[in-house]
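Chemist: based on what follows, work out the 3D shape:
(2 chains)
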Amino acid sequence: MTLKDCRQGERARVAGVHTSEALGARLRALGLFCGAEVSVLRVSPRRRVWLVETAFSTFALGAEIAESVEVTA
Amino acid sequence: MKVLLVGNPNAGKSTLFNALARGHAKVGNWHGVTVGALEKETTLGGRRVTLVDLPGIYTAEGMSMEEKGARSYLAAHPTAPVLFVCECGAVERCLPLFFALARGRRAALVLTKAKRFYARGGKLDLRLLEKRLGAPVFVAEGLRRGALLAQAARVLSAPVVAPRYVSPDGVFSPARAGLSRADALLTNAWFALPLFLLLLAAAFYLTFAPHCLGDWMKSGIEAFFSEFLVARAQTVSSPVVRSLLADGLLPSLGGVLSFLPQIALLMFFLICMEESGFLSRLACLTDGAFAAVGLNGRAVFSLVMGFGCTAAAILTTRGLDDRRVQRRTILCLPYISCSAKLPVYLTLAASFFENAFYGVMLLYALGVALALAVALATKRGGRSPFLLELAPLQIPRPLFVLKALLFQIKQFIIKVATVILAFFLASWLLSSFDWSFRMCGAEESMLAGICGGLKWLFAPVGMADWRIAYAALAGLIAKENVAGAIALFYGAFPYGAASAFAFSVFVLTCSPCVSAIAATAHELGWKRALAYAAFQTVSALLASYLAYFLWRGGVALLPLALAPVAAYLLIRNLHERIYRPRGHDAENIHR
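Modeler: Okay, here's the model as predicted:
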């Protein structure tokens, strides 16, 4: 399952991040790395943007990135 | 010696820079306001140092153009001390970056946004953190300049940083998580987008609508110029000086300066929007809409800044990760009406709308629509993925807003007193004297001789008049010149509604001023900048002809004219959806 499958209000644990190195490093800096907990605060009406919270930050990511973040419930 | 300010975007580096060096770095509640290194001398611990404000960095690897720029600057100054600026709530995540950037240098950790952190239940033991870090740590918030300088000076005698692991246990306890009630509303598209449109409409109404605040203040300044200053100038005995003052400088300068209150009101709204943190929420909510035209939600910052100044907005595009999106955003920005176009719109709108407010709103809306249409027409391939950290939501700080507003007003007055004054002096001289330097009417003047051939430029829109063409081209130096030139030559705009609308469309779609062209050249190179300027000027002329034709009754034929364009865009979009490869191949953003 990926972050894109998560709904508003759900919490998950990151199992893997499958993006480019540079983007992966930026996501790690924002708290999205293997084993980290992530909460989905909001999903846009057209399911294009996910607003998430990690231990480090609150940030928005597009569907393309949400699709590349593997999570477990 | 240089002292570098580094840290995550929106940590408070530029605010600290302004406090320590009495600088004027642009600050704002948005991740990516600073796009280039800014330097200023100051005194730290009795030593003259050059303080350098660098763009924000998330990781040592960097992703965006500005991050790469900051890393290059750090690499070029390997022994320069570093003031690492970090929000209190981000200490845990920033420690690896602190060691990555400060390794081998003297460094100090400067903590910001402490009040908010503590209010949300966060805890931080500064002494323990300093002991474990092995570097000075202090909170910048609430310190007067003297105390701030004394604390910052500690970096000069700090030990050289060696990487180590710092446990957060006992040192750091995070603030309360989750969305506040205000944030829950402002991240809800059904509430936030209508709210934004309402606020925008209210700001425009207060600024432009007749008998509202902006209009009332403008009338006051106009009355001061016409009934007091010009009246006094009419009593000057020397005909040359009387003409210079009463017919030239005062009407044209007054014509531009009278718009200062309305420009200030608009800037006040933009500053408050930026400072509140609403822009990053707007970016999240509009990313889907921007994706449809091949842009990114992050472009919303540049587009909103375009309402203030096109040149400044162009520079902010460096915060976009993708070169292609940057180019497209820069191509769109001239169609976003900057504050300098406001005097022109207000001068002309009264000719084609009884209530100038509606005319101005029409032009602003047309500009936004054109910007999005240009983005759609130039859309190629995929776009960079959207990733944006949410700036903290806050009530705009009155002192900060006032300082930012006064700075903008000062910049406007300086522009009027230099570039615009020089232009009007030259225009008056050339339009009041013939080649033998005898005073004459405009039609016999030197300017008529030089610009006479331009009269055919606007003949198709009912204005076969070289003065109108001259006013239009004067806008390439500064857009305010257009309104001033009209005031200089005519007083009030002398042509009818259709011509006024066509001329407004020309000003709306024309190439931006030289400052914006220079900013484009800085980002994309001179060849591209001049090509864009030439294309926009020629297409603006054609757009004005079309606008005139439509206003004169050609609206019924509009669907016929738009049909082939719409068909082309639809077919191209469908083709892209079918044949576009999965994933994004962002163009290399290295220079």
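
Chemist: surely B:Pro261 and B:Glu222 touch.
Modeler: No. Counting by Cβ atoms under 8 Å, B:Pro261 stays clear of B:Glu222, with 10.7 Å between them. The C-beta positions use only the backbone N, C-alpha and C, and glycine is treated the same way.

Chemist: hey, which helix or strand in the chain has the poorest pLDDT?
Modeler: You didn't say which chain, so I picked chain A. helix A:21-29 (a mean of 87; mean pLDDT, DSSP states H and E).

Chemist: my question was about chain B
Modeler: helix B:558-579 (a mean of 68).

Chemist: in stretch B:290-299, what's buried?
Modeler: Residues of stretch B:290-299 classed as buried under the neighbour-count rule (16 or more other Cβ atoms under 10 Å in any protein chain shown) are B:290-291, B:293-299.

Chemist: dump the C-alpha coordinates for stretch B:292-306 into PDB.
Modeler: Output of stretch B:292-306 as PDB, limited to C-alpha atoms (Å, rounded to 0.1, in the frame of the first residue of the first chain):
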ATOM      1  CA  ALA B 292      -3.800  21.200 -15.500                       C
ATOM      2  CA  VAL B 293      -1.800  24.000 -17.200                       C
ATOM      3  CA  GLY B 294       1.600  22.400 -16.600                       C
ATOM      4  CA  LEU B 295       2.600  24.500 -13.600                       C
ATOM      5  CA  ASN B 296       3.100  23.700 -10.000                       C
ATOM      6  CA  GLY B 297       1.400  24.900  -6.800                       C
ATOM      7  CA  ARG B 298       4.600  26.500  -5.800                       C
ATOM      8  CA  ALA B 299       4.200  28.900  -8.700                       C
ATOM      9  CA  VAL B 300       1.300  30.600  -6.800                       C
ATOM     10  CA  PHE B 301       3.900  32.500  -4.800                       C
ATOM     11  CA  SER B 302       5.500  34.000  -7.900                       C
ATOM     12  CA  LEU B 303       2.100  34.700  -9.400                       C
ATOM     13  CA  VAL B 304       0.800  36.500  -6.300                       C
ATOM     14  CA  MET B 305       4.100  38.400  -6.000                       C
ATOM     15  CA  GLY B 306       3.500  39.500  -9.700                       C
END
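
Chemist: sorry, back to before: buried set for the least confident helix or strand of chain A?
Modeler: A:22-29.

Chemist: so which elements touch that helix?
Modeler: The elements that helix A:21-29 packs onto, with contact taken as 3 or more Cβ pairs under 8 Å, 6 or more residues apart in numbering or on different chains; DSSP states H and E, are strand A:11-17, strand B:387-389.

Chemist: which of those strands sits closest to B:Lys115?
Modeler: strand B:387-389 (19.7 Å; Cβ to Cβ).

Chemist: beta-bridge partners for B:Lys123, please?
Modeler: Beta-bridge partners of B:Lys123, counted by DSSP bridges, are B:Ser173.

Chemist: count the residues that sit near residue 6.
Modeler: Looking at chain A here, since you left the chain open. 21 (other Cβ atoms under 10 Å in any protein chain shown).

Chemist: not quite, go with chain B.
Modeler: Counted with other Cβ under 10 Å, B:Val6 comes out at 26.

Chemist: hang on, it in a strand?
Modeler: Yes. Secondary structure of B:Val6 (DSSP: H, G, I helix; E, B strand; the rest coil): part of a strand.

Chemist: show me what contacts it?
Modeler: Applying Cβ atoms under 8 Å, 6 or more residues apart in numbering or on different chains, we find B:Val6 in contact with B:13, B:54, B:57, B:70, B:74, B:82-85, B:101.

Chemist: try 6 Å this time
Modeler: For B:Val6, the contacting residues are B:54, B:82, B:84, B:101, by Cβ atoms under 6 Å, 6 or more residues apart in numbering or on different chains.

Chemist: residue in chain A nearest to chain B?
Modeler: A:Gly62 (3.3 Å; Cβ to the nearest Cβ).

Chemist: what is that residue paired to in the beta sheet?
Modeler: Bridge pairing for A:Gly62 - DSSP bridges - gives A:Val49.

Chemist: thought it was touching B:Pro385?
Modeler: Yes. Using Cβ atoms under 6 Å, A:Gly62 is in contact with B:Pro385, at 5.1 Å.

Chemist: ranges for the strands of the stretch 1-150 of chain B?
Modeler: Here the stretch 1-150 of chain B has its strands, by DSSP state E, counting those that start in this stretch, at B:2-7, B:38-44, B:47-53, B:82-87, B:107-112, B:123-124, B:137-139.

Chemist: give the contact list for the residue in the stretch 101-250 of chain B positioned nearest to chain A.
Modeler: Using Cβ to the nearest Cβ, the closest approach of the stretch 101-250 of chain B to chain A is made by B:Thr187 at 5.0 Å. By Cβ under 6 Å, 6+ apart, the contact set of B:Thr187 is A:42, A:51, B:281.
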